[in-house]
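Chemist: Structure of the sequence below:
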Amino acid sequence: MNQNKIKIGTIFTIPVDDKKKAYGQLVHRGTLVDTIILFNYCSENVPDLMELIEQDILFCINTTDDYLLSRRWSLFGKANVPEKFEFVTNYLLEKADGIVVTDIDGNFIRKASEKDMETLRKIEPLPPSIAEEVAKAKFGDGKWEDQFNELIHK
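Modeler: As a prediction, this is how the structure comes out:
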C-alpha cells in the first residue's frame, strides 16, 4: 500500500467477526509510535462518515502502522481528528542514563521525577493486534482482559 495514503485522520475498519466491523482513526504519526483511536461503534452496515466521527472514543493506543500497510485493516475514509480527543503529551522513556520525560516523538523534556514515574506511562508501541482484541471483546465474543482498562479513553 502507498504509505502516502495513510495520514493523520485516516479512518479504517477492524474486523470483529465475519460481518461486523469496528472503526478506528489514525490520530498521530510519529518517529517512535503511531497513535490510533477506536470509536465506540460497530456495525454490519457501512456508516455515514460524519455519524461515525461523532461517536464516543472507546480507547487510544500507541502502536505501529503494520496492519494499515498490510491492508489487514481496510481504509474507510478520512476526517479531522475529533475535537473531543485529548492527546497524552508526556511519556516516560528509558535511556542509558536513566528515565526521562519526553513528548510523543521522544524529544527530551526533563529527567523523570517520582511523580512522573507514578503518573506517566512508557512510550512504547503496543502491537496492533491489541486493537483487534479490544474490538472483539467489546463488540464480539472476545474476552475482556484487565490490561484493556488502561487503554480506555477518559
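Chemist: Check which residues of the longest helix seen in the chain are buried.
Modeler: The single longest helix within the chain, with elements called by DSSP state H, is helix 129-139. Within helix 129-139, the residues that count as buried by 16 or more other Cβ atoms under 10 Å are 130-136, 138-139. For every residue, glycine as well, the C-beta is placed using N, CA and C.
Chemist: now that helix, how far from the centre of its chain.
Modeler: Averaging C-alpha positions (Cα atoms, centre = their mean, to the nearest Å) puts helix 129-139 12 Å from its chain's average.
Chemist: could you say what helices and strands it packs with?
Modeler: Counting by 3 or more Cβ pairs under 8 Å, 6 or more residues apart in numbering; DSSP states H and E, the packing neighbours recorded for helix 129-139 are strand 10-15, strand 21-29, strand 34-43, strand 57-63, helix 66-69.
Chemist: Could I get the contacting residues of the spatially most central residue of the chain?
Modeler: Central residue of the chain (Cα atoms, centre = their mean): Ile36, 2.4 Å from the mean position. For Ile36, the contact set (Cβ atoms under 8 Å, 6 or more residues apart in numbering) comprises 24-27, 60-61, 63, 128, 131.
Chemist: same check, this time on Val16
Modeler: 22, 42, 135-136, 139-140.
Chemist: OK, contacts around the residue nearest to it when sequence neighbours are not counted?
Modeler: Nearest residue to Val16, sequence neighbours excluded (Cβ to Cβ, 6 or more residues apart in numbering): Gly140, at 4.4 Å. Counting by Cβ under 8 Å, 6+ apart, Gly140 touches 16-17, 20.
Chemist: again, but for Tyr91
Modeler: Contacts for Tyr91 (Cβ under 8 Å, 6+ apart) come out as 101-104, 120-123.
Chemist: Can you tell me the element Arg110 falls in?
Modeler: Assigned by DSSP states H and E, Arg110 falls within strand 108-111.
Chemist: what mean pLDDT would you report for the next helix or strand after that strand?
Modeler: Using DSSP H and E, the helix or strand that directly follows strand 108-111 along the chain is helix 114-119. Computed over helix 114-119, the mean pLDDT rounds to 93.
Chemist: ok, back up a step: make a markdown table out of the helices and strands packed on helix 129-139 and add mean pLDDT and distance to Pro82.
Modeler: Compiled in a markdown table, those are given as follows (pLDDT from 0 to 100; distance: least, Cβ to Cβ, whole Å):
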| stretch | mean pLDDT | distance to Pro82 |
| --- | --- | --- |
| strand 10-15 | 96 | 11 |
| strand 21-29 | 95 | 8 |
| strand 34-43 | 95 | 8 |
| strand 57-63 | 92 | 7 |
| helix 66-69 | 93 | 19 |
